[in-house]
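Novice: Fold the following.
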Amino acid sequence: MTGSEASPSFRLAYVPGVTPTKWVRIWNERLPGTPLTLVAVPAAEATALLRAGEADAGFVRLPVDGTDLSAIPLYTEQTVVVIPKDHVAAAVDEVSLAELADDIVLHPLDDTLGWEELPGKPAIERPATTEDAVELVAAGVGVLVVPQSLARLHHRKDLTYRPLSHAPESRIALSWPEDRTTDLVEDFIGIVRGRTVNSSRGRGTAPAEQQPKSKRGDAGGARRKPAAGASAGKNPRSGSGGAKGTKGGARGAKGAAGAKRGKPRRRP
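Specialist: Numbers count the residues shown, from 1 in each chain. Below is the predicted model of the structure:
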């Protein structure tokens, strides 16, 4: 799809836990005439929203099902266990899966970790959302394993969290419909990948001939050596010429002083 077919605005979806502030700020600096609209979406609904054309691109949690969506993996999140502050695990820096054997581990319906086998003891029923599960942890019903960003998102003063070793991890990716890779999508890809504003729409480096020639000229001038005939000794105002003259003057003064000492004194 060409740039002329792209919408005059850009809609960016993002799932809970993702903070797109930095990328939005760069977008507004580089494309001030193209407004960016943020669309918050539950993790389980993100890909359907992209396929329906309700967003141009989105930050989603992997995996992305199907071949019609492109995805660029960005980072992997630390997995943590959310616990009450008086829980025994609050006294350690990291928790293992084995240490949760005696705890009820809540498994919300919007879980993003894709467990093959959940640790600990199962709850009587699954909470509808991660937010509901956090409320149950605060009530002392059990503990909750989530990506760290979700623990921060649903932070409570009476709860804390600790890193959980050997647990599944959640990966964040930028995704968009492959058949709608517009110029605006390419621009946002360039921002996310950290390309500079001088890159051509974020898709590559500007050709060398477009670089300012004056900078190369200045650099060459800085390395240029002085001409062979421009020696300091031939300059009547150069420091070395003055030094020779001073030395000669000193010898002359010494000779004059010697002549004065050699003159006989008159007798009274």
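Novice: buried sites along stretch 68-76?
Specialist: Neighbour-count burial for stretch 68-76 flags 69, 70, 71 (criterion: 16 or more other C-beta atoms under 10 Å). Backbone N, C-alpha and C define where each C-beta goes, glycine included.
Novice: Report the distance from the helix or strand harbouring residue 184 to the chain centre.
Specialist: Assigned by DSSP states H and E, residue 184 belongs to helix 183-192. Helix 183-192 has its C-alpha centroid displaced from the chain centroid by 15 Å (C-alpha atoms, centre = their mean, to the nearest Å).
Novice: can you map out the helices along this protein?
Specialist: Secondary structure of the chain (DSSP state H): helices located at 21-30, 46-51, 130-138, 148-153, 183-192, 213-223, 239-262.
Novice: Mean pLDDT lowest where, among these?
Specialist: Ranked by mean pLDDT, the helices of the chain bottom out at helix 213-223, which scores a mean of 41.
Novice: which helices and strands does the helix holding residue 184 pack with?
Specialist: strand 10-14, helix 21-30, strand 69-76, strand 171-177 (3 or more C-beta pairs under 8 Å, 6 or more residues apart in numbering; DSSP states H and E).
Novice: Give me the helix or strand of the chain that scores worst on average pLDDT.
Specialist: helix 213-223 (a mean of 41; mean pLDDT, DSSP states H and E).
Novice: where are the low-confidence patches of the stretch 51-200 of the chain?
Specialist: The model of the stretch 51-200 of the chain has pLDDT under 70 over residues 199-200.
Novice: Can you tell me the closest non-neighbouring residue to residue 17?
Specialist: residue 149 (3.3 Å; C-beta to C-beta, 6 or more residues apart in numbering).
Novice: The one you found reaches residue 43, doesn't it?
Specialist: No - using C-beta atoms under 8 Å as the test, residue 149 is too far from residue 43 to be in contact (11.2 Å).
Novice: which residues do those two both contact?
Specialist: Shared contacts of residue 149 and residue 43, defined by C-beta atoms under 8 Å, 6 or more residues apart in numbering, comprise residue 16.
Novice: Residue 65 and residue 47 touch, don't they?
Specialist: Yes - between residue 65 and residue 47 there is a contact under C-beta under 8 Å: 6.6 Å.
Novice: Between those two, point out the one with more neighbours.
Specialist: Per other C-beta atoms under 10 Å, whichever of residue 65 and residue 47 has more neighbours is residue 47, with 23 against 8.
Novice: quick one on the thing from earlier: and the buried residues of stretch 68-76, which is closest to residue 122?
Specialist: residue 71 (32.0 Å; C-beta to C-beta).
Novice: what's the spacing between the closest one and residue 191?
Specialist: 16 Å (C-beta to C-beta, to the nearest Å).
Novice: now residue 58
Specialist: For residue 58, the distance to residue 191 - C-beta to C-beta - is 14 Å.
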